[in-house]
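Q: Provided below are the primary sequence and the corresponding predicted coordinates.
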Amino acid sequence: MVGVNEVMGKGGTQAIINMAGQHVGKEILRYASDKGTPINSLDDFKSSVVKHGLVGQLDFYQSDHSTFVRVASCKTCPKKVGHYTFDGTACPWGGILSGVLSEILGEQYSCSSKLIPGEECILELKKSKTK
């Protein structure tokens, strides 16, 4: 994530991380299934990422057009965990969650999310508009 920031700068880093993360989310689900522990619900996903130490807590709140996710005690943040300093964000969770939500809920979600960083980060993932 930090390497992408070094190459792309503030303007492109989060967009690249979102696109890559979307595929990572789908791969996490495929990997879990291949290992005999399929992730079939948001609760399953939450349990898995907490169990594997990627986050301390993950909560989902759904509305008609968006899913809000609260990430607490994140173990992947390049700023909080890696202690890197740079302008902008490089959070993998928006993309990862977009891929996961799309697969589990069977609806497309935008791979760009609204991120409110803090001790607990809040992400808003919007359902993609259908034609």
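A: Yep, it's here.
Q: in the longest helix anywhere in the chain, what's buried?
A: In the chain, assigned by DSSP state H, the helix with the most residues is helix 10-34. By neighbour count with 16 or more other CB atoms under 10 Å, helix 10-34 contains the buried residues 13-14, 16-18, 20-22, 25-26, 28-29, 32. To be clear about C-beta, it is placed using only N, CA and C from the backbone, and glycine gets the same treatment.
Q: stretch 124-131 now?
A: Glu124, Leu125, Lys126, Lys127.
Q: Thr13 contacts Ala90, doesn't it?
A: Yes: using CB atoms under 8 Å, Thr13 is in contact with Ala90, at 5.1 Å.
Q: tell me, what's touching those two both at once?
A: Met1, Val4, Asn5 (CB atoms under 8 Å, 6 or more residues apart in numbering).
Q: and which of those residues is nearest Ser98?
A: The nearest member of the shared contacts of Thr13 and Ala90 to Ser98, counting by CB to CB, is Met1 at 16.2 Å.
Q: quick check: pLDDT value at Ile116.
A: As predicted, Ile116 sits at a pLDDT of 67.
Q: now the one 10 residues further on
A: Looking at Lys126, its pLDDT stands at 91.
Q: got it, and Gly53?
A: Turning to Gly53, the model gives it a pLDDT of 93.
Q: ok now stretch 16-35, how far from the chain's centre?
A: For stretch 16-35, the gap between its own C-alpha mean and the chain's C-alpha mean amounts to 10 Å (CA atoms, centre = their mean, to the nearest Å).
Q: run through who's touching that stretch.
A: The contact list for stretch 16-35, computed with CB under 8 Å, 6+ apart, reads 1, 4, 8, 38-39, 45, 48, 90-100, 102-104, 111-113.
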